[in-house]
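Visitor: Prediction below, plus the sequence it came from.
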2 protein chains.
Amino acid sequence: MLQSNSAPGGGARTVLVVDDHPVVRKGVRTIIESMERFEVVGEAGDGWEAIEQAESVRPDIIVLDLAMPRLEGIDTVVELKRRDSSAEILVFTLHQSDHRCLQAIGAGARAYVCKNESDHLGPALEAVSRGRTYLSPAVNEALSLQSKEEAWDRRALTDRERQVVRLVAQGHSNKSIARLLKISIKTTETHRASAMRKTGANSASALTIYAVRNGIVDL
Amino acid sequence: MLQSNSAPGGGARTVLVVDDHPVVRKGVRTIIESMERFEVVGEAGDGWEAIEQAESVRPDIIVLDLAMPRLEGIDTVVELKRRDSSAEILVFTLHQSDHRCLQAIGAGARAYVCKNESDHLGPALEAVSRGRTYLSPAVNEALSLQSKEEAWDRRALTDRERQVVRLVAQGHSNKSIARLLKISIKTTETHRASAMRKTGANSASALTIYAVRNGIVDL
DNA sequence: GTGTTTCTCGGGGTTTCCCCCTATTTGCGG
DNA sequence: CCGCAAATAGGGGGAAACCCCGAGAAACAC
């Protein structure tokens, strides 16, 4: 592991801010500059820039967005770790999903803060600078709820479920679907219900959006 | 039209910053505060807060995000105009789509700037404060490809109907929509029914597909 | 003025959805 | 053979959607 360029004891911790939106970098910079113990030493607009900056300015901490052009966040974390970067990584993103968070932590990130909870950016920086981890409340909650016993819900849809979802997304009622697939309404409801459980959808509209997003139906 | 609270000639133009992410508000605030002619007089985290703030502090300009909880951006523009707000509206958003831009301009916004072109925020503010319109390059390009009138024929639905359809397509129930728009469930049902009659949809899913196809919601 | 549209809200009813159970048959793999 | 997952089917009940009907207020056009 390579040595950081700031004094380990009392000096200000150096921070690299990575986000493809300049306005967000500006906001993060403003927040960090209001904290005495931290100093912004660089900015980057995508993953590759972040890696270049990390190797040249050697920050203590990298505040990293996930959605970025050219090289996206998780991949950036992986690449940084592959290059033995000494920087602690704080993911700061829109995504409030446990999936992304688990990926980030799994890749080696120390903290995960949602952008709509940016008042947790300071505490997260403090935690990370002390080598601890930090998850913002929304993610923490999502994780504790999901990662319990939801192995079942995480699996992909079965063929039949996908078939039913497709017909739902095309505007068919359960009755219509049952007639089309030559099965009973109850069976249709069962498939529909398990698909909704698996996808997290709680209405026909949500299921339709899922279907469109995942290419089950075309527009 | 109501009178603004700043001198028309030389005084600083007052700005309300609306975004559900505090860090973005911070960034926008920092940018605006570096400009002499403008002053941030308030912040809001969603559409309803924006409307409340707009009616209490009466800003000259509102910098408005589109993706927000409770009441989303276009609907906020519609609601502000419905209440005869005198504020000029500058939409500042992630969405680089011509659909959304046309909707925003159609609803009464003066400017449309993408967040990844935040260096255009200053020029846009200048333009808006002079009563002119401003589109950031990415959107301008997308728009020039399609004729405005052509896309403008989506007039089948009324503003209120489109609002309801958008929320339906986002998976909301009638009860939820009624709460969000502060109207009764019966009224929600009426709008929903007339939208379904106009579009030929006969279910929530069909309405959702219509909404996605016609750019009323993004994926 | 009158008429039209839009937005608002209700009554009363039918249908569908959504969710909680259980259960059987089939088939695949340890 | 046994265990598990998938597909099939149902009972029951509450919630929500959907479909008729009417109707008042406000805005706007003619």
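Guide: Yep, it's here.
Visitor: Mean pLDDT per helix and strand in chain A: which one sits at the bottom?
Guide: Lowest by mean pLDDT, DSSP states H and E among the helices and strands of chain A is helix A:137-146, with a mean of 65.
Visitor: After it, which helix or strand is next? Please name it.
Guide: Counting by DSSP states H and E, the element after helix A:137-146 in chain order, helix or strand, is helix A:159-169.
Visitor: Can you name every helix or strand that that next one contacts?
Guide: helix A:174-181, helix A:185-199, helix A:204-213, helix B:204-213 (3 or more Cβ pairs under 8 Å, 6 or more residues apart in numbering or on different chains; DSSP states H and E). Where C-beta positions appear, they are placed from N, C-alpha and C, glycine not excepted.
Visitor: Just the C-alpha atoms of the first one, please, in CSV.
Guide: Think helix A:174-181. This file holds the C-alpha atoms of helix A:174-181, laid out as CSV (Å, rounded to 0.1, in the frame of the first residue of the first chain):
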residue,chain,number,x,y,z
ASN,A,174,-56.0,-11.0,-15.7
LYS,A,175,-59.1,-12.5,-17.4
SER,A,176,-57.7,-11.7,-20.8
ILE,A,177,-54.3,-13.1,-20.0
ALA,A,178,-55.9,-16.3,-18.6
ARG,A,179,-57.9,-16.7,-21.9
LEU,A,180,-54.8,-16.1,-24.0
LEU,A,181,-52.6,-18.5,-22.1
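Visitor: residues in contact with that helix?
Guide: A:163-164, A:167-168, A:172, A:184-185, A:187-189, A:192 (Cβ atoms under 8 Å, 6 or more residues apart in numbering or on different chains).
Visitor: quick one: pLDDT of the nearest residue to residue A:133 once chain neighbours are set aside?
Guide: The shortest distance from residue A:133 to any non-neighbouring residue, by Cβ to Cβ, 6 or more residues apart in numbering or on different chains, is to residue A:110 (5.3 Å). On the pLDDT scale, residue A:110 is placed at 86.
Visitor: I'd guessed residue A:110 sits against residue A:130; true?
Guide: No. Between residue A:110 and residue A:130 there is no contact under Cβ atoms under 8 Å: 10.1 Å.
Visitor: quick one, which of those two is more surrounded?
Guide: Each of residue A:110 and residue A:130 has its neighbours counted (other Cβ atoms under 10 Å in any protein chain shown); residue A:110 has more, 21 against 10.
Visitor: Enumerate the residues of chain A near DNA strand C.
Guide: A:173-175, A:185, A:189-190, A:192-193, A:196, A:202-204 (Cβ under 7 Å from any atom of the strand).
Visitor: Just the buried residues out of those residues, in ChimeraX syntax.
Guide: To isolate the buried ones among the residues of chain A next to DNA strand C in ChimeraX, judged by 16 or more other Cβ atoms under 10 Å in any protein chain shown, type:
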select /A:173,174,192,196,203,204
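Visitor: ok, the residues of chain A next to DNA strand C vs residue B:77, which is closest?
Guide: residue A:203 (26.4 Å; Cβ to Cβ).
Visitor: Give me the nearest residue to that closest one, chain neighbours excluded.
Guide: Closest to residue A:203 by Cβ to Cβ, 6+ apart is residue B:171, at 4.9 Å.
Visitor: Count the residues that sit near the one you found.
Guide: Neighbours of residue B:171 (other Cβ under 10 Å): 19.
Visitor: in chain A, what spans have low per-residue confidence?
Guide: A:1-11, A:97-100, A:102-103, A:106, A:141-156, A:215, A:218-219 (pLDDT under 70).
Visitor: run the last query once more with 50
Guide: Within chain A, the set of residues satisfying pLDDT under 50 comprises A:1-9, A:146-155.
Visitor: So which bits of it are right by DNA strand D?
Guide: Going by Cβ under 7 Å from any atom of the strand, the residues of chain A near DNA strand D are A:155, A:158-161, A:181, A:183-187, A:190-191, A:203.
Visitor: Now rank the residues you listed by neighbours and give me the top one.
Guide: For the residues of chain A next to DNA strand D, neighbours tallied by other Cβ under 10 Å; top is residue A:191, 24 neighbours.
Visitor: Apart from its neighbours in sequence, what residue is nearest that residue?
Guide: What sits nearest to residue A:191 in space, not counting adjacent residues and going by Cβ to Cβ, 6+ apart, is residue A:164, at 4.2 Å.
Visitor: need the contact list for the one you found.
Guide: A:177, A:181, A:188, A:191-192, A:195.
Visitor: Need these in CSV (columns: distance to residue B:48).
Guide: CSV is the format used below for the contacts of residue A:164 (distance: Cβ to Cβ, whole Å):
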residue, distance to residue B:48
A:177, 38
A:181, 44
A:188, 39
A:191, 39
A:192, 34
A:195, 34
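Visitor: Which one of these is nearest to residue B:61?
Guide: For the contacts of residue A:164, the minimum distance to residue B:61 (Cβ to Cβ) is 45.9 Å, reached by residue A:195.
Visitor: Kindly list the main-chain dihedrals of residue A:113?
Guide: phi -120, psi 130 (degrees, to the nearest 10).
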